[in-house]
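Q: give me a model of this one.
(one chain, ligands or ions: 1)
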Amino acid sequence: MALTPFDLSPQNVIMWMMKLGIIGCGKMGSALLKGAVQSKSVNPAEVFLHDAFSQLANQLAKDTGATALGSNAEVVAKSEALLLCVKPQDMLNMLNQLPDIAEPPLFISIAAGLTISSLEDALGSNSRVVRVMPNTPALVSMGASAFSRGAGVNDEDAKFVHDILKAVGTVTEVPEKQLDAVTGLSGSGPAYIYTAIEALADGGVLMGLPKDKALMLAAQTVAGAAEMVLQQDEHPANLRDQVTSPGGTTIAGLSALEAGAFRATLIEAVRTATHRATELGKS
Ligand SMILES: NC(=O)c1ccc[n+]([C@@H]2O[C@H](COP(=O)([O-])OP(=O)(O)OC[C@H]3O[C@@H](n4cnc5c(N)ncnc54)[C@H](OP(=O)(O)O)[C@@H]3O)[C@@H](O)[C@H]2O)c1
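A: Take a look at the predicted model:
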């Protein structure tokens, strides 16, 4: 899918000029590229891929119109921005094997826990490095991502990163010191909500609903409640108040949640996961 002259909006003009490389074409690399291509945030004719497992890169190239290359070095040589989508434990080793190039690209890392300074140490202190924390709902274009920029990153670089992430959900820029909290909230958050959906469905099954119907009702309830918060721009406490009538069913359920310390437990989950992200970043 090539861009035509009719696609030359101001946004696309910037994208047109940025040749994008992707190293690591697994779950997140694939989701980010598919979203970016679908939203025309990148021109697939100027996207270059490599993965240690070449079939993954070949398949992603086939799906998007990008080009799979034979090595990371070839990808770096062709790229103005490089999206690094390998696992954190593979990242520094992979970066250390990249060739030196005269005009290094903008490096965009999505590796959990790896700090901008550790990436700059591996890439050279003048490198332009952006650190991103996406989450897996990016796979269905419902991601929640945050990013932080290193000292060498300019506004055009940041806009490029913003637009790629926007293609697969919402995105916000934060100071790097807040990225561990982002990890504890939206990075790990989908797992908390899967647990909540499962538990809601189990409650329905306990009270006599068929399993498949209970799961569908639970998942749609969570999706619908989230949309209410997002679309109506209303504080969740107000929305809760609107559906809680005196002596009714909802206040009875809410009372049980309070007795089980539901809110305190979620707050503690975010705090504990944030601390764990900080620990992992130091190890
Ligand atoms: N999935 C999530 O929930 C999530 C959320 C936020 C951030 N992230 C971050 O996203 C990154 C990617 O995660 P993922 O879930 O997409 O992982 P994944 O599906 O395992 O994809 C990573 C890919 O990179 C390949 N690879 C490893 N070393 C390589 C190298 N030196 N050169 C080229 N390719 C290489 C791997 O190949 P092999 O399998 O053959 O090694 C694999 O295909 C991680 O850093 C993770 O921290 C993930």
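
Q: ok, now how distant is the nearest residue to residue 146 once chain neighbours are set aside from the ligand?
A: With C-beta to C-beta, 6 or more residues apart in numbering as the criterion, residue 146 has its nearest non-adjacent residue at 4.3 Å, and that residue is residue 182. Heads up, the C-betas are built off the backbone N, CA and C, glycines and all. Shown here: residue 182 relative to the ligand, a distance of 10 Å by C-beta to the nearest ligand atom, to the nearest Å.

Q: just say helix, strand or coil for residue 76.
A: Assigned by DSSP: H, G, I helix; E, B strand; the rest coil, the conformation of residue 76 is helix.

Q: how about the stretch 1-150 of the chain: which residue is closest to the ligand?
A: residue 26 (1.9 Å; C-beta to the nearest ligand atom).

Q: next, residue 128: phi, psi?
A: With angles defined as degrees, to the nearest 10, residue 128 sits at phi -90, psi 110.

Q: report the contact partners of it.
A: Taking C-beta atoms under 8 Å, 6 or more residues apart in numbering, we find residue 128 in contact with 104, 105, 106, 107, 150, 152, 153, 154, 157.

Q: how about the fourth one: what's its closest non-neighbour residue?
A: Spatially, and ignoring its direct neighbours in sequence, residue 107 is nearest to residue 129 (4.9 Å; C-beta to C-beta, 6+ apart).

Q: now do the SS call for that neighbour.
A: Once three-state DSSP is applied, residue 129 turns out strand.

Q: so it touches residue 118, yeah?
A: No - Residue 129 is beyond contact range of residue 118, at 9.7 Å (criterion: C-beta atoms under 8 Å).

Q: related to what we said a few turns ago, show me what contacts the residue nearest to residue 107?
A: By C-beta under 8 Å, 6+ apart, the contact set of residue 129 is 106, 107, 108, 109, 116, 119, 120, 123, 149, 150, 152, 153.

Q: let's see 6 Å
A: Residue 129 makes contacts with 107, 116, 119, 120, 150, as judged by C-beta atoms under 6 Å, 6 or more residues apart in numbering.

Q: what parts of the stretch 101-250 of the chain come near the ligand?
A: Neighbours of the ligand within the stretch 101-250 of the chain, by C-beta under 6 Å from any ligand atom: 110, 111, 112, 134, 135, 136, 187.

Q: redo that, cut-off 8 Å
A: 109-114, 132-136, 138, 183, 187, 190 (C-beta under 8 Å from any ligand atom).

Q: before we move on, the earlier item: can you pull the pLDDT of the residue nearest to residue 107?
A: pLDDT, residue 129: 97.

Q: ditto for residue 104
A: For residue 104, the predicted pLDDT is 91.

Q: how many neighbours does it have?
A: 18 (other C-beta atoms under 10 Å).

Q: roughly how far apart are the residue nearest to residue 146 and residue 249?
A: 35 Å (C-beta to C-beta, to the nearest Å).

Q: neighbour-wise, which of the two wins?
A: Between residue 182 and residue 249, counted using other C-beta under 10 Å, the more crowded position is residue 182 (24 against 10).

Q: that one contacts residue 132, correct?
A: No - using C-beta atoms under 6 Å, residue 182 makes no contact with residue 132, being 9.7 Å away.

Q: how long is stretch 93-100 end to end?
A: Distance across stretch 93-100, first residue to last, is 15 Å (C-alpha to C-alpha, to the nearest Å).

Q: ok, and does that stretch reach over to the ligand?
A: Yes - with C-beta under 8 Å from any ligand atom as the measure, stretch 93-100 is seen reaching the ligand through 93, 94, 97.

Q: sweet, I'm off.
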